[in-house]
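Peer 1: Test case, fold it:
(one chain, ligands or ions: 1)
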Amino acid sequence: MTESAPVYIVGGGWTGLSAAIELCRKKIPVTLIESGKQLGGKTRRVSFDGKPVDQSQIMLFGGYQNILRLFRTLKIQENQDYERVPFDLILRRKRKTKFRFRHFRLPAPYGIRAAMYLARGMPMQDKIRSLRLIDKIRRQQINLTEDISVAEFLMQQGQRDRVTRFFWRPLCRMFLHADVSHASAALFMEMVTWLFLADPDNSEVLLLHQDLSTTFSDRAMDYIEQKGGTIKLGHEVTALNISKKAVSGIQTDDAAFTASRVILAAAREATQRLLEPHRDLLNTTQCLQHLDYANFVTVYLQFPRETTLPTYFLHTLGTLGHCLIDKRMQHNPGMMAVTILEKPQVPLPEDEKIVEEICAQLSILFPHWKSSLSWQVVRAPEAVLSCTVDTGKALAAPSDGISGLWVAGDFVRAPMLPSLESAVYNGRNCARRIIEELSGQTGI
Ligand SMILES: Cc1cc2nc3c(=O)[nH]c(=O)nc-3n(C[C@H](O)[C@H](O)[C@H](O)COP(=O)(O)OP(=O)(O)OC[C@H]3O[C@@H](n4cnc5c(N)ncnc54)[C@H](O)[C@@H]3O)c2cc1C
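Peer 2: Next up, the predicted model:
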């Protein structure tokens, strides 16, 4: 196989890396072209106070089977590189914890039942109503004739304001990257099923001991290069050549390559730009236009070393920061990351104003904390796919009738919710299809 033309992979985020690793595993030559100076895409490393930290605060779950498979290939090991902790949702307002829900590792549906009955800060009536809804979803008793917003769905299902604000809204923000007012009810039911009604592993959180680049991208790069793959950093793919419904090549800012197999793993916007000139790919470009994205801002704050949260992360109510993460598990004691998720239409203030507001909120939540020593704001515009109403219909297909062209990313249909996990699944899936094609030709 080694003498065949390489498979070109455009983009070195987790999608592209997952495709490259799968192809390399089968000794198929690959050339991965990444426009940035480092791999990792949206999860790439940034530096705060001279320490490596993640551009994105990613919640990894124990049920992310495709990511865990990748980890095993790269020898990223539980306990050494990451640990599992139960999903623990803490909502805090002012000085008090208003709600705490800690999932139990029991077979479904007993884990969610035990967790909900023992949750603190929720009237029993609301707990019973939410468990009834989860049970209806489990028994597949809800048929949506058309997708509606989660807010409307929860109202129809008799969920009261408190359970929506304390439980459903943070879950929607975390998993659907959308507020209940515009999140998709169809995908909400998938979220509930995956998180609480499937394997108990699904509701465990994986906490990494180092930043995502050190844990994954650096090792992925070593693996691909050791297996003979080529990685070109700092080269942007500017055009895709297609003739007679087949890929014929790609162009970068400084070269042209003949190619018969290309995996586009360049995230939504760049994929759209590369596909737009081709009328045959109208279906895919139209799908991509209908997807909603949310802006993500992470504020890093360094407090004195002894500053800690009661758990690794918690949610806040009615504040600018939606989630607060203690970076001590990544050997950064006193460092906090505060995340803000907003629709692109919502303008966010200047960095200084955001930090001022967040520090004011933190001083109310944790009055005993000393002032922060330094800060950094990392903005990621159009960073995450928002699972809004009808997103399920707008997700693209991995191929659109062009021979040799594969499209991968979290915006491509997959058996799981759009996420880092679906990005990895889609990258691997494209690689698997190419492997099947090639094995049909050569018997590898
Ligand atoms: C702040 C933040 C928080 C998030 N939180 C979560 C979470 O909690 N859980 C979760 O599951 N997901 C989360 N996500 C989403 C997750 O990061 C994405 O699903 C994932 O990164 C998608 O990977 P990708 O490889 O498809 O795309 P990307 O990571 O965007 O990678 C695409 C790569 O292609 C490169 N590229 C683009 N155009 C070209 C070109 N023309 N030529 C060459 N290279 C090109 C880019 O430089 C980039 O490196 C979060 C994202 C952000 C930003």
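
Peer 1: before we move on, could you check phi and psi at the closest residue to the ligand within the stretch 101-250 of the chain?
Peer 2: At 3.7 Å from the ligand, residue 237 is the closest residue in the stretch 101-250 of the chain, using CB to the nearest ligand atom. For glycine as for every other residue, the C-beta is placed from the backbone atoms N, C-alpha and C. Taking degrees, to the nearest 10, you get phi -80, psi 120 for the backbone angles of residue 237.

Peer 1: how close does it get to residue 425?
Peer 2: Taking CB to CB, to the nearest Å as the criterion, residue 237 is separated from residue 425 by 23 Å.

Peer 1: Please apply the same query to residue 242.
Peer 2: 26 Å.

Peer 1: the more surrounded of the two?
Peer 2: Higher neighbour count among residue 242 and residue 425: residue 425, with 24 against 21, using other CB atoms under 10 Å.

Peer 1: Name the residues of the stretch 301-444 of the chain found near the ligand, please.
Peer 2: Contact residues, the stretch 301-444 of the chain versus the ligand (CB under 6 Å from any ligand atom): 380, 383, 384, 409, 410, 419, 420, 421, 423.

Peer 1: let's see it at 8 Å
Peer 2: 339, 378, 380, 383-385, 408-411, 418-423, 426-427 (CB under 8 Å from any ligand atom).

Peer 1: Among those, name the buried ones.
Peer 2: Neighbour-count burial within those applies to 339, 378, 383-385, 408-411, 418-423, 426-427; the criterion is 16 or more other CB atoms under 10 Å.

Peer 1: In helices, which of these fall?
Peer 2: If you go by DSSP state H, these have 420, 421, 422, 423, 426, 427 in helices.

Peer 1: Tabulate the residues you listed (JSON lines), appending pLDDT.
Peer 2: Formatted as JSON lines, those follow (pLDDT from 0 to 100):
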{"residue": "420", "pLDDT": "94"}
{"residue": "421", "pLDDT": "96"}
{"residue": "422", "pLDDT": "96"}
{"residue": "423", "pLDDT": "96"}
{"residue": "426", "pLDDT": "97"}
{"residue": "427", "pLDDT": "98"}
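
Peer 1: and which of those residues is nearest residue 26?
Peer 2: residue 427 (14.1 Å; CB to CB).

Peer 1: measure that closest one to residue 121 for me?
Peer 2: 40 Å.

Peer 1: For the stretch 151-300 of the chain, which residues score under the pLDDT cut-off?
Peer 2: Counting by pLDDT under 70, the stretch 151-300 of the chain has no low-confidence residues at all.

Peer 1: Show me what from it comes close to the ligand.
Peer 2: 174-175, 177, 235-238, 252, 265-267, 269-271, 273-274, 296-298.

Peer 1: go again using 6 Å as the cut-off
Peer 2: 236, 237, 265, 266, 267, 270, 296, 298.

Peer 1: Pull the most distant pair out of the residues you listed.
Peer 2: In terms of CB to CB, those reach their longest pairwise distance at 237 and 298, which sit 27.8 Å apart.

Peer 1: how about the helices in the stretch 251-400 of the chain?
Peer 2: Secondary structure of the stretch 251-400 of the chain (DSSP state H, counting those that start in this stretch): helices at 267-275, 282-289, 351-365, 391-394.

Peer 1: isn't residue 176 right next to residue 189, touching?
Peer 2: No. Between residue 176 and residue 189 there is no contact under CB atoms under 8 Å: 11.1 Å.

Peer 1: With neighbour numbers in mind, choose between those two.
Peer 2: Neighbour tally, residue 176 and residue 189, criterion other CB under 10 Å: the higher count belongs to residue 176, 27 against 20.

Peer 1: related to what we said a few turns ago, with respect to burial, which of the helices of the stretch 251-400 of the chain scores highest?
Peer 2: Of all the helices of the stretch 251-400 of the chain, helix 267-275 has the most neighbours on average by mean count of other CB atoms under 10 Å, namely a mean of 19.
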